[in-house]
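> Sequence first, then the predicted structure:
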Amino acid sequence: MLDELKNKLGEEIERLTHELQVVLPEAIKKAVEHGDLRENSEYKSALERQQFVQARLNHLTRRAGELSKIDLSQIPADRVGFGSRVTVVDMRTREEETYTLAFGDFIDIDSGQISMASPLGQTLMGKKAGEKVSIQLPRGERKLHIKDVQTLPQMVQGAQ
């Protein structure tokens, strides 16, 4: 998962860098050629996009730096932590769900990735398989039984 996240970040950084250094300068140049910049919507749009891309690029570069500092030996091998794949059973509905805990804003609900900073992520952090947890949600309390925990160190060790 760590390598997958690094690759995703790297690909987006590469794409945004290309856009910032090649695509947007060309768009700005074309917009300038149209004349009066005060009422030139193409020019304003290109500048706004340039600012957005630069901000996103700065954010992703910081995240990539944080990921490179992760020491697998510091992540617990028996408790939920960064990168853990956690299977829970809703104690009311008996529905089973599996989540993978990811950094801050890296969320992909469709693939089951949730942020460690989310209410569910915070509730699961540090827990072990077999424990029961409850989480207060806007629609009421939800009680979960942690059925299985696969930690990042276990997954990396199993892949070797």
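Cool, the structure landed.
> per-domain residue ranges of this structure.
Per automatic domain parsing, the structural domains of the chain span 2-69, 74-159.
> Redo those as CSV? Include mean pLDDT and mean neighbour count.
Where C-beta positions appear, they are placed from N, C-alpha and C, glycine not excepted. Output for the domains of the chain, formatted as CSV (pLDDT from 0 to 100; neighbours: other Cβ atoms under 10 Å):
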stretch, mean pLDDT, mean neighbour count
domain 2-69, 86, 13
domain 74-159, 86, 15
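> Helices of the protein, start to end?
Ranges of helices within the chain are 2-18, 24-33, 41-68, 119-124, 152-159, based on DSSP state H.
> Alpha carbons of the fourth one, in CSV - could you do that?
When you say that, I think you mean helix 119-124. What follows is helix 119-124 as a C-alpha-only set of coordinates in CSV (Å, rounded to 0.1, in the frame of the first residue of the first chain):
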residue,chain,number,x,y,z
PRO,A,119,-14.1,9.6,13.0
LEU,A,120,-14.1,5.9,12.0
GLY,A,121,-10.3,6.0,11.4
GLN,A,122,-9.7,7.6,14.8
THR,A,123,-12.0,5.0,16.5
LEU,A,124,-10.2,2.1,14.9
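> can you list the helices of the chain in a markdown table and add distance to residue 142?
What follows is the helices of the chain, written out as a markdown table (distance: least, Cβ to Cβ, whole Å):
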| stretch | distance to residue 142 |
| --- | --- |
| helix 2-18 | 27 |
| helix 24-33 | 45 |
| helix 41-68 | 29 |
| helix 119-124 | 9 |
| helix 152-159 | 25 |
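> Quick one: closest of the ones you listed to residue 91.
Closest to residue 91 of those, according to Cβ to Cβ: helix 119-124, at 13.7 Å.
> for the protein, longest strand please?
Using DSSP state E to define each element, the chain has its longest strand at strand 140-150.
> contact partners of that strand?
Contacts of strand 140-150 from elsewhere in the structure, counted by Cβ atoms under 8 Å, 6 or more residues apart in numbering, are 78-80, 84-92, 96, 124, 127-135.
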